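1. Please work out how this folds:
(chains A and B, ligands or ions: 2)
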Amino acid sequence: MSERDIRLKLENLVKEFPERGGKGTVRAVDSISLNIYSGEFLTLLGPSGCGKTTTLRLIAGFEGPTSGQILLDGKDITPQPPNKRDMALVFQNYALFPHMSVFDNVGYGLQTRGMSRSDIRDKVEESLGLMGLKGLGDRRPNQLSGGQQQRVALARSLIMEPRILLFDEPLSNLDAKLRVQMRSEIHSLQRRLNITSIYVTHDQIEAMALSDRVVVMNGGQIEQIGSPEQIYRYPASRFVADFIGRANFVPVAIDSTNNGTAQINVLGRECQVPLQFDYRAGMDVVAMLRPEVLSLREDPTLQQVQIEQTMYLGSEVEYIVRSGEQTFVVAEKDPRLQKVYSEGGTVGLDYISEAVHLLPA
Amino acid sequence: MMKIGNYTLRWQMVLTILVLTVLCLVWIYPFLWMISASLKTQSEIFSSGLNLIPQEPQWQNYQRAWVDAQFSRYMINTVLITIGTVVLTIISTSLAGYVLGRYTFIGRRPFMALLAGTIFIPAGYTIIPTVDLANKLGLLNSLWGVILVMAGTGNVIHILLFSAYFSSLPKELEEAAVLDGAGFLTVFFRVMLPLAGPVVATVTILKFLGAWNNFFVPLVFTFSRPDLRTLSVGMFAFVGENETDWSGMAAAATISLIPVIIIFFVMQRRFVEGIAGAVKQ
Ligand SMILES: Nc1ncnc2c1ncn2[C@@H]1O[C@H](COP(=O)(O)OP(=O)(O)O)[C@@H](O)[C@H]1O
Ligand SMILES: [Mg+2]
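-> Ligands and ions are numbered 1, 2, ... in the order given. Below you'll find the predicted structure:
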């Protein structure tokens, strides 16, 4: 994507808060630089307290940065108040006005903009229809289910046709099933309307399912930016590898490098792995093997492991196996087609060498 | 044991009910006495002892109070003063409570402490400077003067009630309104104040009672303008130099009380919510 498509640009954003009950400061956001492209769905993903909400509130303008800049379509908006930024935010608790009807909640922004009554009526009705809320306009928010309230919150944000739509953990108050359903609704809605979106969550599945790109954050800093596939297959750090899905880590040394591949010895076997980062021969690194990369086979030439646990999960079988000091999680797809090994046995541990990924030690 | 419908009442319960009934009667007896006195003749009031039923209702007592003693005019004055006082108080105390409860600014804590400290200044101590000020502003002997003085005093508790309530509301509500383009006043009057309904009801009732029954301020402020008197001040017209028109006074008192009772019944549910809500914080 070119510079022209950049909708929002964060430059070295820093936000410090006075420490609660102390004299020092807390650096909630620590020098974040980031481009968000027009029409993109970008997710800020990270554990609780890593600064996601603060970053979002800086973007929305509810907090001013300690230093750094925010540019919207090339224009510096850092000093501008939230209502001048042309953004909408879907809050975790929805923040619907309890004393207003659904209709008035959705139409409130248009009303403060001074749009005529009949135009508001048309737009709100259209928006309620789009969100599957037809006929609920007269209800109060507390007469709706959680999922419906979520839709009203979305309708209220979308009706303003903002340049950027912000979400702060919008699905975390819903039960598991509804969460999955709303997730896919948000996904299709965003793709259909092509609205630039920044989404905050601590749920990696949600992030992977929705996003064009995921920004993994830790301790107020960006650990990695990439597509869901990139961050899953080629995590830049052990933190990312651990936070996104599950991973087995094996410390190894690089024997030699050649043409963007490295020669290493993993699980008693020499193999070539593609290099994603700049590693040189002799370096100590960590090989990451996702559970689905590993498999069990009765083959005496493979590294032999003890099966400590066998868990039958329907679509897959999960094993915990031990080789000396190290344990591995192994996930085998579709148990119907494979032998299921029982606990206590010894078996060979195989892996797909192309799927091994090297991380800094 | 006694059976009433499906309920079997034990004697303890019967006793409790009896005791409570007696207490209730003692509690409202003066009120009933006043209503009954308003329908008795002057001599009957003192001759009939505790008996509450008048021999023959003397409706002309009300005629005397309403027309001759000008209570119709006092009623209008009192209603105007009370409404003005309540409206001004709600606007000023809710705004003050909103800012104190929602915003952090330098000096907020000392300011709150100072505010709370003023609760302990007895009201009578401030009347002289208040009258002096009103006089210099040309507000003495006017309804506006009475309204401003009553709306401007004794509000600390109301401010603290609003402050506690507003600080308990999620900040996302304001932020959502701001994103929708609402400015400070719109956020406040369209979103925050309507949500504070229970506190508005509480403060309305407290201030209504205070303004309706206030004697001191309207007395001082209407010394030379009898036509501006309120109900409570007007009551004194029944006390003559040689004799007092007790039955007329009772009728006047009953007239004064009726609006208070109506207001309380209309707003009592929200009133209780407000008090409970404020205590819960
Ligand atoms: N208003 C504030 N005052 C003080 N510290 C804050 C404030 N807001 C957030 N923080 C701190 O900043 C850090 C990041 O918070 P937040 O952005 O809410 O994280 P996340 O949304 O990723 O869970 C946390 O340590 C939090 O305690
Ligand atoms: Mg958060």
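
2. what's the burial count for residue A:276?
-> Neighbourhood size, residue A:276 [other CB atoms under 10 Å in any protein chain shown]: 15. Every C-beta, even on glycine, is put in place using the N, C-alpha and C of the backbone.

3. what do you get for residue A:22?
-> So residue A:22, with other CB under 10 Å, has 8 neighbours.

4. which stretches of chain A form helices?
-> A:52-60, A:102-112, A:117-130, A:146-158, A:176-193, A:204-210, A:228-233, A:238-243 (DSSP state H).

5. any chance of those in a markdown table, plus mean neighbour count, mean pLDDT and distance to residue A:282?
-> Shown next, in a markdown table, are the helices of chain A (neighbours: other CB atoms under 10 Å in any protein chain shown; pLDDT from 0 to 100; distance: least, CB to CB, whole Å):
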| stretch | mean neighbour count | mean pLDDT | distance to residue A:282 |
| --- | --- | --- | --- |
| helix A:52-60 | 23 | 97 | 38 |
| helix A:102-112 | 23 | 95 | 61 |
| helix A:117-130 | 15 | 94 | 60 |
| helix A:146-158 | 22 | 93 | 54 |
| helix A:176-193 | 15 | 91 | 45 |
| helix A:204-210 | 20 | 95 | 34 |
| helix A:228-233 | 18 | 95 | 25 |
| helix A:238-243 | 20 | 94 | 20 |
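
6. Mind putting those into TSV with distance to residue A:139?
-> Formatted as TSV, those follow (distance: least, CB to CB, whole Å):
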stretch	distance to residue A:139
helix A:52-60	28
helix A:102-112	5
helix A:117-130	11
helix A:146-158	9
helix A:176-193	18
helix A:204-210	28
helix A:228-233	37
helix A:238-243	40
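
7. if we compare these, which one ends up closest to ligand 1?
-> helix A:52-60 (3.1 Å; CB to the nearest ligand atom).

8. returning to that earlier point: so which of the helices of chain A is nearest residue A:261?
-> helix A:228-233 (15.8 Å; CB to CB).

9. Identify the residues contacting the closest one?
-> A:207-209, A:211, A:214, A:216, A:224, A:240, A:244-245, A:290, A:355, A:357 (CB atoms under 8 Å, 6 or more residues apart in numbering or on different chains).

10. Mind doing that once more with 6 Å?
-> Helix A:228-233 is contacted by residues A:208, A:214, A:224, A:244, A:245 when judged by CB atoms under 6 Å, 6 or more residues apart in numbering or on different chains.

11. The residue nearest to the third one when sequence neighbours are not counted: neighbouring residues, count only.
-> Excluding its sequence neighbours, the residue lying closest to residue A:224 (CB to CB, 6 or more residues apart in numbering or on different chains) is residue A:236, at 4.2 Å. By the criterion of other CB under 10 Å, residue A:236 has 19 neighbours.

12. Residue A:253 versus residue A:236, what's the distance?
-> 20 Å (CB to CB, to the nearest Å).

13. Would you mind listing what in the stretch 51-200 of chain A touches ligand 1?
-> A:51, A:52, A:53, A:54 (CB under 6 Å from any ligand atom).

14. now swap in the stretch 101-250 of chain B and tell me
-> Residues of the stretch 101-250 of chain B lying near ligand 1 (CB under 6 Å from any ligand atom): none found.

15. which residues of the stretch 101-250 of chain B fall in helices?
-> In the stretch 101-250 of chain B, the segments counted as helices under DSSP state H, counting those that start in this stretch are B:108-117, B:127-136, B:143-151, B:156-167, B:171-179, B:184-186, B:193-195, B:197-213, B:216-221, B:231-234, B:246-280.

16. Next, format those helices as CSV and append mean neighbour count and mean pLDDT.
-> CSV is the format used below for the helices of the stretch 101-250 of chain B (neighbours: other CB atoms under 10 Å in any protein chain shown; pLDDT from 0 to 100):
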stretch, mean neighbour count, mean pLDDT
helix B:108-117, 12, 90
helix B:127-136, 14, 90
helix B:143-151, 22, 93
helix B:156-167, 22, 93
helix B:171-179, 21, 93
helix B:184-186, 12, 92
helix B:193-195, 17, 92
helix B:197-213, 21, 90
helix B:216-221, 22, 90
helix B:231-234, 23, 92
helix B:246-280, 17, 79
